[in-house]
Structures are given as structure tokens and as C-alpha cells.
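Participant: below: sequence and its predicted model.
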Amino acid sequence: MKRFLLPALLAVLIITACGGGGVAEEASPLSVLPERAMISIVLNDPAGMVRNIDGYIEEGAPVLGVNLLENLICEQLDVSSLDSMPARYGFDPSGPVVFWMESAMPQSMGMAVSAPDFPLFVSLMEEMEVELANEEPLGGVAVYSMDAENGTMYLAGVRGVALMTMSSAKLETLISCLAPDVSDEVAPTSLTMKINLSMIGPMAAAQMPMARMMMMQGMAADTTMPSFVPAIIDVYMDGIEAFLTQADMLELTFITGPEDFVMRKKISFVPGTDLAEILVHTSGTNMLDYLTQGDLATVRFRMPEEIAFEITKAFTEVFTTELSEDMLHFWASMASNGAVSIYDDDFIHMVAAYEVTADISIEDIAVMYSEYLGVIMPYIEQNEEMANSFNFQDNGIIQIDGVDFFSLTMIILPDSAASITFDYWMTVHDGALLLETAPEPAVLLNIVSGDYISAELEGTGEMAGEMSLAGYLNMVMAMSPDGMDIPELGSDVVLTWDGTFADGEAVSEMSMDGSDAVATGFAFFGMIAAMQ
């Protein structure tokens with residue numbers, strides 16, 4: 001994300017460095033932002049964002065020097081520092097920069113920036129040989145125009161805000177809307193994008209049938225394509241189409257804080273639609289209580305069971321329609337409330353806990369899995385490629401240290417030198433189905449005996465977790481035949497996230513330490529350069 005953010009910051013600063021305006025009573029550029037524009041972008045305190053990113057660089061990769069990003073921008077803008085921009089350009093880089101389009105028409109575009117000296121902006125534009133024409137003043141406010149790619153752009157500066165639109169009538173409206181205070185809070189040193197999916201979604205969904213047909217034709221022409229792939233793609237396309245036709249607003253916020261880089265996402269759905277009705281807050285047992293803390297990742301997930309059921313049913317029917325409703329509800333209930341920990345002592349050593357009803361026994365679990373394999377295996381065996389790629393062994397119920405486990409083995413590429421074996425161990429304990437992937441269920445034995453410390457997460461929402469990026473990449477690289485390792489890092493990027501469902505909305509937040517992210521990125525760039 002940072003590789004996109006830095007050029008965007010530079011571009012916005014260069015463009016808006018030519019904006020300005022000023023009167024005694026200052027207003028906020030945010031006050032003219034339409035509530036439900038098709039697209040809106042708010043860059044709040046770009047100077048603070050630049051300096052926080054420079055702080056990440058100075059701590060994470062000090063060899064790059066101090067004020068790296070600010071110096072690069074100031075060199076392009078011919079200023080000594082970002083603080084000198086108001087005196088040089090009439091633009092305040094510590095204020096908000098606001099851009100929007102109310103519709104798909106270019107003429108609906110608007111922009112507002114903090115500008116304490118609009119006359120200075122005008123003089124600098126003239127020095128740069130931009131042809132500005134004087135227009136009829138609006139309520140005593142001077143108005144200028146200039147030729148733009150899609151028509152004429154009108155400019156005015158009032159109450160410390162520079163306004164730009166493609167319509168003089170719209171400019172007059174914006175001037176009347178300027179106010180010093182706004183009701184919506186904007187995070188400091190942040191970039192926020194709002195996309196009105198209720199406008200864009202149906203237009204995109206109208207193109208889905210053609211896109212689906214072209215994709216299916218392309219896959220049908222590929223004789224090496226496994227038969228189940230088009231069906232899986234079809235399920236995904238159904239999901240995308242449902243999202244596009246039912247989503248209302250998408251809001252993305254990227255915050256460069258003094259220490260952490262934070263990404264927030266909020267999706268709301270049109271009231272009365274299926275997704276709005278089923279996206280509600282869920283509760284249940286905290287399944288982290290059944291797990292120990294993972295070295296690589298610790299995750300908790302809860303979701304409305306109706307969503308889990310529809311997803312389970314859709315993907316299961318890719319392979320078979322013979323599963324009973326009871327079995328589908330069983331799989332869906334497991335996906336509705338669970339937790340997972342991943343450890344670094346073995347390849348994909350995972351322990352998971354799923355909430356189940358009190359009357360389910362390990363014998364019931366064994367029967368359920370055996371019936372499932374009995375239905376799915378004939379389908380797999382009909383496909384030669386799949387049959388050669390997967391091998392399942394139902395080992396039945398095995399007792400270890402007085403605990404009954406259902407054991408299942410899956411071998412990927414069984415006849416290859418690169419084959420990988422996964423041993424699954426399951427047991428039922430205190431209202432939970434516990435699962436461990438390991439040669440022996442050592443962690444599960446400790447959990448059943450009570451000899452363990454339960455996992456914890458800072459996030460309190462339904463979808464919360466933390467993950468070591470370096471550890472995860474090492475695990476993925478271990479899948480290669482050569483067993484590649486990433487280089488030793490002085491720090492690790494630990495991603496943490498938290499999310500919840502409520503009243504037809506899905507809200508989530510993910511964060512990482514900015515300096516650790518820079519240090520890790522710098523190490524990876526060095527590794528890649530050394531491999532050239």
C-alpha cells in the first residue's frame with residue numbers, strides 16, 4: 001500500500017501547491033463536501049502524513065537519512081520545507097484537501113483546499129503562464145476561469161478556502177455552503193475515500209453477464225482446466241453480483257499515525273436487501289478460551305449463521321448436491337463461531353476450536369466426516385487430475401492418553417517427491433470441536449487436561465486477529481522444494497485487525513507498526529536486489 005500512497009501524496013501536494021485564498025474568517029474545505037457523492041477523497045494534513053512516514057523511515061531504515069520524503073517533495077516544489085508553502089504558494093499543507101465527483105460526468109467534479117492566500121495563488125498561476133480569465137464576481141467574490149480538458153474550470157478563494165469546479169453555478173453554491181465547522185470527524189493525517197456503491201454498483205453489475213460469459217468461454221477453451229474451476233468462479237461471480245447490487249457505501253481510510261499505520265474499512269448495505277438484513281451483530285462463546293496463543297497467528301471469527309450457511313451451500317454444491325441440510329448446517333455452524341492459532345514449530349501446525357451443540361459427540365463427528373468423504377470422493381475420483389492430487393485416509397477414532405480423537409490424513413500430490421502430508425486430529429471437549437494439524441495432537445491433549453494458558457486478542461469484535469508477516473512468509477516459502485527462508489529481520493511486521501457486523505454494516509480496522517513495516521520492506525528490497 002505504501003508504494004501507492006507515497007506517489008499519491010507527492011502528486012496531490014504538487015497539484016494543490018498552486019491553490020490558495022484567504023479572508024479573515026476561515027472556513028473548512030470539508031464543509032462543501034457532498035454527503036453522497038459518487039466518489040470523494042479527503043487528504044487531511046498531508047504535511048503531517050509526510051512527516052509521520054519520514055519518522056517510519058528514520059526509525060526503520062535510518063540508512064536512508066532524515067526527512068527523506070519531505071526533502072523529495074520540497075525539491076520538486078522548490079521550497080525549503082513544507083512549512084514554507086503558505087508563503088510560497090498560498091496553500092496550507094496542514095489543512096484538508098477535498099476532491100469529489102457527484103456523478104460519472106466530469107462536469108460534476110469539485111475540489112476544495114485550505115488556502116490562506118488566494119491572490120498569491122493567482123499570481124503564481126500567471127507566472128507559470130496559465131491563462132486565467134476574469135469572470136463575473138459571485139457575491140463580491142472574485143472568480144477566475146481556465147480551460148480544462150473537459151470544459152472550463154472556475155476558481156474562487158473565500159474564507160481561507162480555494163474552490164474549483166466545472167460550473168460557475170456550482171461554484172456559487174459551494175461559496176454559500178462554506179462553514180467553519182463540520183459534523184463529520186476526519187482522522188488526523190489520513191486519506192479517506194468514499195465510494196457510493198449504490199450508484200456505481202448497478203452500473204458494474206449490468207456488465208457482469210457479459211464478463212461471466214467471456215470468462216466461461218475462455219475456461220471452456222482450456223482443455224487442461226479442471227472441471228470444478230468454472231463452477232467455483234461462477235460462485236464467486238454470484239457473490240460479486242450480489243454485493244454490487246446490494247451495497248450502499250464503501251469507506252476506506254488510511255491513517256499514518258506517529259507510530260502505527262492504520263487501515264479502516266466500512267461497508268454499508270441498502271436497507272431492506274438480503275445482505276443488510278443478515279449482517280447483524282453476533283455473539284457467542286469466545287473460542288479463544290480453548291486455544292493457546294499462536295506464534296504466527298491467532299484469529300477469532302464469528303459471523304451470522306445465515307451467511308455461513310449460504311456460503312457453505314454454494315461452494316459445496318460445486319462438487320455435489322447430495323449433502324443433507326443437516327450436514328450443511330453442521331459445517332455452517334462451525335464457520336459461525338471459531339478461533340485458530342498457528343504455530344512456527346512445524347509446517348502449518350494449526351489448532352482450531354469451533355462451537356458445537358452440547359449433544360454432539362466425537363462419534364457423531366466421525367460419522368459426519370465419513371459420510372462427507374463418501375459423497376465427495378467419487379466425484380474427485382472421476383477427475384483424474386484431482387484424483388492424482390489428493391488422497392484422503394479415514395483413520396477412524398483413536399484413543400491417546402484416555403482421549404478419543406477422530407483422525408484423518410490428507411496427502412497432497414501423493415505420488416510426487418513434493419508430496420505434503422497433513423494429519424488432522426479432532427476431539428469434542430466442553431461444547432467445542434477441537435482440531436489440530438500435526439503428527440500428534442500434543443496441544444489438544446494439554447487443552448483437554450486444562451494445562452494451558454488461553455489465547456487473547458486486543459480486538460473485541462467478531463473478526464479479530466494478529467499475524468506475524470515474516471513468520472507467515474517463511475511458512476509459505478517452506479512449501480517450495482528448496483525450502484527457501486526469508487532473511488533475518490531486525491523487526492517483524494505484526495498485523496492486527498478487528499471487525500464487527502451491525503445493522504447492515506461491516507466495519508473493520510487493521511494496523512501495523514510503521515517503522516517495522518519500513519524495516520521489513522527495506523530488507524526484502526535488499527534480498528530481491530541481491531538475487532538479480
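Facilitator: Structure's in. What do you need?
Participant: which residues of the stretch 151-300 of the chain fall in strands?
Facilitator: Secondary structure of the stretch 151-300 of the chain (DSSP state E, counting those that start in this stretch): strands at 151-158, 161-165, 190-196, 247-256, 260-269, 297-302.
Participant: turn these into a markdown table, columns for mean pLDDT.
Facilitator: Shown next, in a markdown table, are the strands of the stretch 151-300 of the chain (pLDDT from 0 to 100):
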| stretch | mean pLDDT |
| --- | --- |
| strand 151-158 | 93 |
| strand 161-165 | 94 |
| strand 190-196 | 97 |
| strand 247-256 | 97 |
| strand 260-269 | 96 |
| strand 297-302 | 94 |
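Participant: among those, which comes closest to Ile411?
Facilitator: strand 297-302 (24.4 Å; C-beta to C-beta). Where C-beta positions appear, they are placed from N, C-alpha and C, glycine not excepted.
Participant: who touches that closest one?
Facilitator: 282-284, 286-288, 291, 335-342, 455, 457, 459, 462-468, 471-472 (C-beta atoms under 8 Å, 6 or more residues apart in numbering).
Participant: my guess is Ala339 contacts Ala353. True?
Facilitator: Yes - with contact defined as C-beta atoms under 8 Å, Ala339 reaches Ala353; the gap is 5.2 Å.
Participant: which neighbours do those two share?
Facilitator: Listed contacts common to Ala339 and Ala353 are 287-288, 290-291; contacts here mean C-beta under 8 Å, 6+ apart.
Participant: any chance of the strands of the stretch 151-300 of the chain in a markdown table, plus distance to Asp498 and mean neighbour count?
Facilitator: Supplementary listing: those in a markdown table, determined by distance: least, C-beta to C-beta, whole Å; neighbours: other C-beta atoms under 10 Å:
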| stretch | distance to Asp498 | mean neighbour count |
| --- | --- | --- |
| strand 151-158 | 42 | 21 |
| strand 161-165 | 36 | 27 |
| strand 190-196 | 18 | 20 |
| strand 247-256 | 14 | 19 |
| strand 260-269 | 10 | 19 |
| strand 297-302 | 10 | 23 |
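Participant: distance to Ala519 for those - can I get that in CSV?
Facilitator: Below are those laid out as CSV (distance: least, C-beta to C-beta, whole Å):
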stretch, distance to Ala519
strand 151-158, 43
strand 161-165, 39
strand 190-196, 23
strand 247-256, 16
strand 260-269, 13
strand 297-302, 20
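Participant: correct me, but Gly139 touches Leu174?
Facilitator: No - checked against C-beta under 8 Å, the pair Gly139 and Leu174 is beyond contact range at 11.6 Å.
Participant: quick one, what contacts Leu252?
Facilitator: By C-beta under 8 Å, 6+ apart, the contact set of Leu252 is 192-195, 263-265.
Participant: what does Asp147 give?
Facilitator: Contacts of Asp147 by C-beta under 8 Å, 6+ apart are 131, 153.
Participant: what's the local residue count around the residue lying closest to Thr152 once chain neighbours are set aside?
Facilitator: In this structure, Thr152 finds its nearest non-sequential neighbour in Ser145, 5.2 Å apart by C-beta to C-beta, 6 or more residues apart in numbering. Counted with other C-beta atoms under 10 Å, residues neighbouring Ser145 total 17.
Participant: give me the pLDDT for Ser145.
Facilitator: We have a pLDDT of 93 for Ser145.
Participant: pretty sure it sits in a strand.
Facilitator: Yes - remark: Ser145 belongs to a strand, assigned using DSSP: H, G, I helix; E, B strand; the rest coil.
Participant: how far away is it from Ile195?
Facilitator: Distance from Ser145 to Ile195, counting by C-beta to C-beta, to the nearest Å: 30 Å.
Participant: what's the answer for Ile233, then?
Facilitator: To Ile195, Ile233 is 24 Å away according to C-beta to C-beta.
Participant: likewise Val79?
Facilitator: 33 Å.
Participant: ok, Glu371 next?
Facilitator: Remark: distance between Glu371 and Ile195 (C-beta to C-beta) = 44 Å.
Participant: and Ala231, by the same measure?
Facilitator: From Ala231 across to Ile195, the span is 30 Å (C-beta to C-beta).
Participant: what residue spans form the domains of the protein?
Facilitator: According to automatic domain parsing, the chain comprises the domains 2-184, 283-456.
Participant: quick one: which of the ones you listed is nearest Gly499?
Facilitator: With C-beta to C-beta as the criterion, Gly499 lies closest to domain 283-456 of the domains of the chain, at 9.3 Å.
Participant: how about Met350, what does it touch?
Facilitator: Contacts of Met350 (C-beta under 8 Å, 6+ apart): 340-343, 435-437.
Participant: what's the farthest-apart pair in those?
Facilitator: Across the contacts of Met350, no pair lies farther apart than Tyr343 and Leu435, at 13.6 Å, counting by C-beta to C-beta.
Participant: now the common contact residues for these two.
Facilitator: In contact with both Tyr343 and Leu435: 350-351, using C-beta under 8 Å, 6+ apart.
Participant: how about stretch 75-92: buried residues?
Facilitator: Residues of stretch 75-92 classed as buried: 77, 79, 82, 85-86, 88-92 (neighbour count, 16 or more other C-beta atoms under 10 Å).
Participant: where's the spatially closest residue to Leu444 that is not a sequence neighbour, which helix or strand?
Facilitator: In space, not counting the residues next to it along the chain, Leu444 is nearest to Glu436; the distance is 4.8 Å by C-beta to C-beta, 6+ apart. Assessed by DSSP states H and E, Glu436 sits inside strand 432-437.
Participant: by contact count, what packs against that strand?
Facilitator: Contact analysis of strand 432-437 by 3 or more C-beta pairs under 8 Å, 6 or more residues apart in numbering; DSSP states H and E lists strand 349-355, strand 420-429, helix 442-449 as its packing neighbours.
Participant: quick revisit: contacts only, for the residue nearest to Thr152.
Facilitator: For Ser145, the contact set (C-beta under 8 Å, 6+ apart) comprises 132-133, 135, 152-155, 168.
Participant: now the residues you listed as JSON lines including distance to Phe121?
Facilitator: Below are those laid out as JSON lines (distance: C-beta to C-beta, whole Å):
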{"residue": "Leu132", "distance to Phe121": "10"}
{"residue": "Ala133", "distance to Phe121": "15"}
{"residue": "Glu135", "distance to Phe121": "16"}
{"residue": "Thr152", "distance to Phe121": "18"}
{"residue": "Met153", "distance to Phe121": "13"}
{"residue": "Tyr154", "distance to Phe121": "14"}
{"residue": "Leu155", "distance to Phe121": "8"}
{"residue": "Ser168", "distance to Phe121": "18"}
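Participant: between those residues, which sits nearest Leu124?
Facilitator: Looking across the contacts of Ser145 and measuring by C-beta to C-beta, the closest to Leu124 is Leu132, at 10.8 Å.
Participant: just checking, that closest one touches Tyr144?
Facilitator: Yes - the criterion here is C-beta under 8 Å, and Leu132 meets it with Tyr144 at 4.5 Å.
Participant: the two - which one has more neighbours?
Facilitator: Ranked by neighbour count (other C-beta under 10 Å), Leu132 and Tyr144 place Tyr144 first, with 20 against 13.
Participant: so that one bridges to which residues?
Facilitator: Under DSSP bridges, the beta-bridge partners of Tyr144 are Asn134, Leu155.
Participant: hmm, it is touching Glu131, no?
Facilitator: No - applying C-beta under 8 Å, one finds Tyr144 not in contact with Glu131, separated by 10.0 Å.
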